[in-house]
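> Show me the folded form of this:
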Amino acid sequence: MSDIQPAGRPLSVIVAGGGTAGHIEPALAVADALRRLDDSIRVTALGTERGLETRLVPERGYPLELIPPVPLPRKPTADLLRLPGRVRASVARTRAIIDAVEADVIVGFGGYVALPAYLAAGRGVLRRRRAVPVVVHEANAKAGIANKVGARRAAKVLAAVPDSGLAHAEVVGIPVRGSITSLDRAALRAQARAHFDLPTDGPVLLVFGGSQGARSLNEAVSGAAPQLAAAGISVLHAHGPKNTLEVAEPGDDRSRYVAVPYLSRMDLAYAAADVVVCRSGAMTVAEVSAVGLPAFYVPLPHGNGEQELNARPVVRQGGGTIVADSELTPKYVIDEVIPLLTDPARLIEMGRAAAGAGHRDAADEVARIVVRVTGR
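Predicted structure coming up:
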């Protein structure tokens, strides 16, 4: 197969970012941006049957091709012995997809879907298959194994923040969906409050701990419910589908405590809120800062510490505060969160700082880079 692709056919792009929302959402944001750039561009998403992509990708209107998952064992177990066979099967399936969609470029966002894509992109046996250029995007403050492998052969390496561990990476921020980057919180405020049955006036605290919720966030904020109500503060709290949260409603009409398992309309949740208490996954930090919300970021207490690193750039700008998981208690909510919510001048100042720390045009910038890499 020739390395020169016919210029007359539409550009074909594969986005590889399955598994978690932190990998899928940036991939879909870039897919949307590519279509805005040229609606003839064909985008195909790679995923596995066990990831959130089986729901999220079809909802956004993109074809999804499934490959065998290749989880990377962090410890020497029996899974490590099975890894080579799994990699071969996944790479073979990915190569078949690359040929079928006549891919011009692969954009990888890390995780166990991206690794087979990076490996499959190389020139085929006996040089019968052309090499497909790769663009790698690292959303986290510390690059994962898949992106470290992909960066070695990538035509372009991109990162959300400096010092991600990928050499020569261009810092572009995290691609965020257009419904978030174009969000006018003030204009949507009344509609958003009505959607969640929150009071039209008065401050609102938004609480969420990722797709599964977070017990420490749930206990700390619900434990301060009487004091929040006394201060006239309403709460919109996504506690996670596997958790329950029972909080007595305030006795007056000044505030409400709305507890839900999951927030399907994050745009309206952001528009309804004045302050956020949340984890600091890369995608969460990107969205919260893009919409200009002051935040109390509570990094996961385990892992490699990357969640704290994700939040540091926003905190340095004055748009948020990092709170250790062990320090987030009802007393902290009473002593720190309530005073912020009842200080309008400080809310405005922190909101501006948060918005200034974000990269609202990251998706469009990545899309332009992807097209340039193809030479089309």
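
> Check the burial of residue 167 by counting its neighbours.
For residue 167, the tally of surrounding residues (other CB atoms under 10 Å) stands at 9. (Each C-beta comes from the backbone N, C-alpha and C, glycine too.)

> Same question for residue 59.
Residue 59 has 8 neighbouring residues, counting by other CB under 10 Å.

> Distance check, it against residue 67.
20 Å (CB to CB, to the nearest Å).

> Over to residue 253?
If you go by CB to CB, the gap between residue 253 and residue 67 works out to 53 Å.

> got the contact list for residue 345?
Shown in contact with residue 345 (CB atoms under 8 Å, 6 or more residues apart in numbering): no residues.

> Kindly confirm my reading that residue 28 is in a helix.
Yes. With DSSP: H, G, I helix; E, B strand; the rest coil as the criterion, residue 28 is located in a helix.

> Name the residues of the helix or strand bottoming out on mean pLDDT in the chain that come out as buried.
Across the helices and strands of the chain, the lowest-confidence element by mean pLDDT, DSSP states H and E is helix 78-101, at a mean of 81. Of the residues in helix 78-101, 86-87, 90-91, 93-95, 97-98, 101 count as buried by neighbour count, 16 or more other CB atoms under 10 Å.

> Now render the residues you listed as a markdown table, adding distance to residue 365.
A markdown table is the format used below for the buried residues of helix 78-101 (distance: CB to CB, whole Å):
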| residue | distance to residue 365 |
| --- | --- |
| 86 | 34 |
| 87 | 32 |
| 90 | 30 |
| 91 | 30 |
| 93 | 31 |
| 94 | 26 |
| 95 | 29 |
| 97 | 26 |
| 98 | 25 |
| 101 | 24 |
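
> Name the member of those with the shortest distance to residue 201.
Within the buried residues of helix 78-101, proximity to residue 201 (CB to CB) peaks at residue 101, which comes in at 51.9 Å.

> so where's the stretch 201-350 of the chain uncertain?
Scanning the stretch 201-350 of the chain for pLDDT under 70 picks out 210-213, 251.

> And the helices in it, which stretches?
215-223, 225-230, 266-272, 282-290, 306-317, 330-332, 338-341, 344-357 (DSSP state H, counting those that start in this stretch).

> Render the CA-only coordinates of the fifth one in PDB, please.
Below are the C-alpha coordinates for helix 306-317, written out as PDB (Å, rounded to 0.1, in the frame of the first residue of the first chain):
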ATOM      1  CA  GLU A 306      -1.500  12.600  40.000                       C
ATOM      2  CA  GLN A 307      -4.900  13.900  41.100                       C
ATOM      3  CA  GLU A 308      -3.200  16.500  43.300                       C
ATOM      4  CA  LEU A 309      -0.900  17.500  40.500                       C
ATOM      5  CA  ASN A 310      -3.900  17.900  38.200                       C
ATOM      6  CA  ALA A 311      -5.400  20.600  40.400                       C
ATOM      7  CA  ARG A 312      -2.200  22.500  41.200                       C
ATOM      8  CA  PRO A 313      -2.200  24.800  38.100                       C
ATOM      9  CA  VAL A 314      -5.700  26.000  38.900                       C
ATOM     10  CA  VAL A 315      -4.900  26.400  42.600                       C
ATOM     11  CA  ARG A 316      -1.800  28.400  41.800                       C
ATOM     12  CA  GLN A 317      -3.900  30.800  39.800                       C
END
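
> from the chain's centre, how far out does it sit?
Relative to the chain's own centre, helix 306-317 is displaced by 15 Å; criterion: CA atoms, centre = their mean, to the nearest Å.

> helices and strands around it, which ones?
helix 282-290, strand 295-297, strand 320-322, helix 344-357 (3 or more CB pairs under 8 Å, 6 or more residues apart in numbering; DSSP states H and E).

> what sits against residue 8?
By CB under 8 Å, 6+ apart, residue 8 lies in contact with nothing.

> and what of residue 362?
Residue 362 neighbours (CB under 8 Å, 6+ apart): 29, 160, 172-176, 286.

> how close does it sit to residue 323?
Relative to residue 323, and taking CB to CB, residue 362 is found at 26 Å.

> Ok, residue 149 next?
34 Å.

> Could you tell me how many residues sit around the closest residue to residue 326 other than its chain neighbours?
Nearest residue to residue 326, sequence neighbours excluded (CB to CB, 6 or more residues apart in numbering): residue 301, at 6.8 Å. Neighbour count for residue 301, taken as other CB under 10 Å: 11.

> Pretty sure residue 301 sits against residue 323.
No. Applying CB atoms under 8 Å as the test, residue 301 and residue 323 come out as separate, 11.1 Å apart.

> mind giving me the domain ranges of the protein?
12-176+360-374, 181-357 (automatic domain parsing).

> So between residue 149 and residue 323, which is more surrounded?
Set residue 149 next to residue 323 and count neighbours by other CB under 10 Å: residue 323 wins out with 24 against 18.

> quick one, what contacts the more buried one?
296-298, 332, 336.

> Please produce JSON lines containing the residues you listed, extended by distance to residue 33 and neighbour count.
Formatted as JSON lines, those follow (distance: CB to CB, whole Å; neighbours: other CB atoms under 10 Å):
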{"residue": "296", "distance to residue 33": "30", "neighbour count": "25"}
{"residue": "297", "distance to residue 33": "26", "neighbour count": "25"}
{"residue": "298", "distance to residue 33": "30", "neighbour count": "27"}
{"residue": "332", "distance to residue 33": "39", "neighbour count": "18"}
{"residue": "336", "distance to residue 33": "37", "neighbour count": "15"}
